[in-house]
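> need a 3D model of the sequence below.
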Amino acid sequence: MTPSPHPEHGPDDLCEPASALYRRALLEGHVRGADAEDAPCLIDLGLLHPAVDDLSRLEPVAPSVALHRLLRGAAERIVAERRHEERLAELFEPLLRVETPAMRTEAPTISVLLGSKRINHAITEAMATATRELLSVQPSIEYAKGLSGQAHAVAMDRDQALLDRGARIRTLYQATTRHQPLVFDRYEKLRGDAQARFLDEVTDRILVIDRTVAFVPDRTGPAASDVALEVRHPALIAYFVTAFEGLWQLATPMYPQSVQLPSLNGVTPRMRAIAALLVEGHTDAVIATRLGMNIRTARVHIAKLAATLGSGSRAQLGYLIGQSGILEQEPGRRPPAEPSAPED
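Next up is the predicted model:
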């Protein structure tokens, strides 16, 4: 079994093994190279270096020298940021004179974001100042499979930082993603108030951060996957939150506690979802798309539903669905009692 990779961190967040080993090296004057296998960050950060006369021995850099070097690096970054600010001010100074009184100076309530890099940057900026809550709807996990390892790690760090500030995360997934290892791996690693539920049908992807800003995909253009809208209009935000809360109440808990919905009279929750779409007159292809499955799987479920209800045709199946009352039943609800016969 290969050991897990050492987590990346800076000198201001020194891991416990590195801190203990560096202290020991200062007290003893050196440590063996093998001792640093669990704390390679000490060499990467320049706190330990090989001895000149014995490369297998590591000697510590004096704390005063290390601190001076690190502070100098921080000062250089501050100077670079100030120069960056000055260049931006010089660039926009002539443009500010072009602005007319009629031009709007407040931030737009709806902005178009082009490109995945710009979209991710805007989401990261919004989450960096969030302190309350992240609501998200994820209709599929396919988007996450395409993320690079670095991008996935950045997203996890972003979510963990939000949880560390005392906020909570609630996510709705489509039912077909609930067995994806990537979903469970995400919630097993996050520490804090992170919850997930699933539905047979969910809306398109959406993020609502602190109930002040939302990010939704723009599917109207040819490059739909690389276009999103940043929404800050209070009425639209309120609408998104209300819709999310309604779906959340209908959804089944997936994490932290997985709940299996019971079958009613042999009709599973998936069959009920299909039955609801059948009585609306949808084709097999539409049903498969809306429930996130392939058409062959959808037809298998439809056949099982027909067999359960004793239907011999599509037309009869719709009638039997209406007569069975399965669409009015809810898991955990007791069926109404049979009316008692009138007394003589």
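> for the stretch 101-250 of the chain, give me the ranges with low pLDDT.
Along the stretch 101-250 of the chain, the model assigns pLDDT under 70 to residues 101-107, 140-152, 178-179, 181, 221-225.
> and the helices in it, which stretches?
116-128, 142-145, 149-164, 181-189, 234-250 (DSSP state H, counting those that start in this stretch).
> pipe these into CSV and attach distance to C41 and mean neighbour count per row.
Every residue, glycine included, has its C-beta placed from N, CA and C. Shown next, in CSV, are the helices of the stretch 101-250 of the chain (distance: least, Cβ to Cβ, whole Å; neighbours: other Cβ atoms under 10 Å):
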stretch, distance to C41, mean neighbour count
helix 116-128, 25, 16
helix 142-145, 28, 12
helix 149-164, 17, 14
helix 181-189, 20, 14
helix 234-250, 41, 14
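> for H84, find the nearest of those.
helix 116-128 (16.0 Å; Cβ to Cβ).
> contacts for that closest one next, please.
Surrounding helix 116-128, the residues in contact under the criterion Cβ atoms under 8 Å, 6 or more residues apart in numbering are 113, 134, 151, 154, 158-159, 161-162, 207, 209-210, 213, 215, 225-226, 228, 230.
> do stretch 159-169 as well
Contacts of stretch 159-169 (Cβ under 8 Å, 6+ apart): 127-128, 130-134, 136, 190-195, 210.
> start to end distance for that stretch?
8 Å (Cα to Cα, to the nearest Å).
> tell me how far L55 lies from A243.
63 Å (Cβ to Cβ, to the nearest Å).
> and the strands in the stretch 201-344 of the chain?
In the stretch 201-344 of the chain, the strands defined using DSSP state E, counting those that start in this stretch lie at 206-209, 213-217, 227-231, 252-255.
> ok, A243 - contacts?
Neighbours of A243 in contact, by Cβ under 8 Å, 6+ apart: T203.
> should've said D193
Contacts of D193 (Cβ under 8 Å, 6+ apart): L163, A167, R168, I169.
> the last one pairs with what?
The residues listed as beta-bridge partners of I169 by DSSP bridges are L134, A194.
> burial count for it?
I169 has 20 neighbours, counted by other Cβ atoms under 10 Å.
> and for the second one?
Counted by other Cβ under 10 Å, the residues lying close to A167 total 20.
> now it: how far from Y239?
On the measure of Cβ to Cβ, A167 and Y239 end up 22 Å apart.
> farthest-separated two in the contacts of stretch 159-169?
For those, the maximum inter-member distance is 21.9 Å, found between A128 and Q195 (Cβ to Cβ).
> domain parsing for this structure?
Per the record, the chain has its domains at 15-61, 110-255, 269-324, by automatic domain parsing.
> R32 contacts E59, doesn't it?
No. Between R32 and E59 there is no contact, the gap being 11.2 Å when judged by Cβ atoms under 8 Å.
> so for those two, which sits in the more crowded spot?
E59 (15 against 11).
> tell me the bridge partners for the more buried one.
Residues in beta-bridge contact with E59 (DSSP bridges): H49.
> for it, give me its contacts.
Applying Cβ under 8 Å, 6+ apart to E59 gives the contacts A25, G29, H30, L48, H49, P50, A51.
> and those, which are buried?
Buried by 16 or more other Cβ atoms under 10 Å: A25, H30, L48, out of the contacts of E59.
> what's the host helix or strand of the first one in contact with?
Think A25. Using DSSP states H and E, A25 sits within helix 16-28. Residues outside helix 16-28 that contact it (Cβ under 8 Å, 6+ apart): 14, 31, 35-36, 38-39, 41-42, 47-48, 58-60, 63.
> can you name the element that comes right after it?
Scanning forward in sequence from helix 16-28 by DSSP H and E, the next helix or strand is strand 31-32.
> which residues touch that next one?
By Cβ under 8 Å, 6+ apart, the residues outside strand 31-32 that reach it are L21, R24, A25, L48, S56, R57, L58.
> parallel or antiparallel, list what pairs with it.
Short version: by DSSP bridges, strand 31-32 pairs with strand 57-60 (antiparallel).
> buried sites along the partner strand?
So, applying 16+ other Cβ under 10 Å, buried residues of strand 57-60: L58, P60.
> could you redo the helices of the stretch 101-250 of the chain as CSV and give each row distance to E76?
Rendered in CSV, the data for the helices of the stretch 101-250 of the chain read as follows (distance: least, Cβ to Cβ, whole Å):
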stretch, distance to E76
helix 116-128, 23
helix 142-145, 37
helix 149-164, 25
helix 181-189, 34
helix 234-250, 41
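> so for M293, which of the ones you listed sits nearest?
helix 142-145 (13.5 Å).
> before we move on, the earlier item: what's the farthest-apart pair in the contacts of E59?
G29 and P50 (14.0 Å).
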